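> Give me coordinates for this.
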Amino acid sequence: MEPAKNPHPTARIMPDPGPLPVLPAVFDSAGGLVLEAMARQIDFCELCGVEWVCVPAFGSEFYKLDPKERSALIAEVLRLAKGRVKVAVQCNHVHAPTAAALARQAEADGASMISTAIPRGMPASEESLARYAVTVANGTSLPVILQDWNPSGPSLTSGALSKIATQCPNLAFIKLEEPSVAERARVLRETAGVRILTGW
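Below you'll find the predicted structure:
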């Protein structure tokens, strides 16, 4: 019997990452970043058998970090994680070319995967949000997680996400922050060859 053909030959195939904890940034009483606190987090993740970590995402309060702090946090986590856990670096920005540039920098610095979030600070059409995702994903050769967390409304439709996947062969996972994603996970796996992560 011939093996089944992959209906999505352009989709990057990689192992399921398993639990993917977002490492929280730690701040002192004056609001300064405490880089020394990251060592214990990496130690704990390794002890628990976690294979991947993500930083600096919403759980890292990335929106409180200035560019210098963000770079320092990523560099420290990559240094600590080398040979122990893989790192998905979150590259968020309201400007797609800037987020793509952050992704390229993270790749050059040693990230193993890129995560990026659809910008939801201002209303935007589904078409423009899809263009954002394609620009960022195509800015790197690493596997990409596309996160869509929309606290004020629905996430991108399955149709839009499928179209993004056809233009981004390195789109490995879509992260949705909503309940009852099982049916969407099935549809997206069948139509786009990508898998769903959920943070709900």
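> Leaving out the residues flanking it, which one is nearest to Ile196?
Once flanking residues are discounted, Ile196 sits nearest to Ala185: 3.9 Å by CB to CB, 6 or more residues apart in numbering. In this view, the C-beta of every residue, glycine as well, is placed from N, C-alpha and C.
> Quick one: residues contacting Arg120.
149-152 (CB atoms under 8 Å, 6 or more residues apart in numbering).
> 7 Å instead, please
Contacts for Arg120 (CB atoms under 7 Å, 6 or more residues apart in numbering) come out as 149-150.
> coming back round to it: count the residues that sit near the residue nearest to Ile196.
Here the number of neighbours of Ala185 (other CB atoms under 10 Å) works out to 17.
> in what helix or strand does it lie?
Element membership of Ala185 [criterion: DSSP states H and E] is helix 182-192.
> Could you do Ile74 as well?
Per DSSP H and E: helix 67-81 holds Ile74.
> Name the SS class of Ile145, please.
With DSSP: H, G, I helix; E, B strand; the rest coil as the basis, Ile145 sits in strand.
> Do I have it right that it meets Ala88?
Yes. Counting by CB atoms under 7 Å, Ala88 is a contact partner of Ile145 at 6.3 Å.
> okay, and the common contacts of the two?
Counting by CB under 7 Å, 6+ apart, the contacts common to Ile145 and Ala88 are 113, 115.
> can you pull the buried residues of stretch 26-42?
Buried residues in stretch 26-42, counted by 16 or more other CB atoms under 10 Å: 26, 33, 35, 38, 41-42.
> before we move on, what about stretch 175-195?
By neighbour count on 16+ other CB under 10 Å, the buried set for stretch 175-195 is 175-177, 181, 184-185, 188, 191-195.
> hey, C-alpha coordinates of it in CSV?
C-alpha atoms of stretch 175-195 as CSV (Å, rounded to 0.1, in the frame of the first residue of the first chain):
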residue,chain,number,x,y,z
LYS,A,175,-2.9,29.7,18.8
LEU,A,176,-6.5,30.7,19.6
GLU,A,177,-7.5,32.0,23.0
GLU,A,178,-11.1,31.0,23.0
PRO,A,179,-13.3,28.0,24.2
SER,A,180,-14.5,25.1,22.2
VAL,A,181,-11.7,25.1,19.5
ALA,A,182,-11.9,21.3,18.7
GLU,A,183,-14.0,21.8,15.6
ARG,A,184,-11.9,24.6,14.3
ALA,A,185,-8.8,22.5,15.0
ARG,A,186,-10.2,19.7,12.8
VAL,A,187,-11.1,22.1,10.0
LEU,A,188,-7.8,23.9,10.0
ARG,A,189,-5.8,20.6,10.1
GLU,A,190,-7.8,19.3,7.1
THR,A,191,-7.9,22.5,5.0
ALA,A,192,-4.6,24.1,5.9
GLY,A,193,-2.4,21.4,7.4
VAL,A,194,-1.7,23.5,10.5
ARG,A,195,-2.4,22.6,14.1
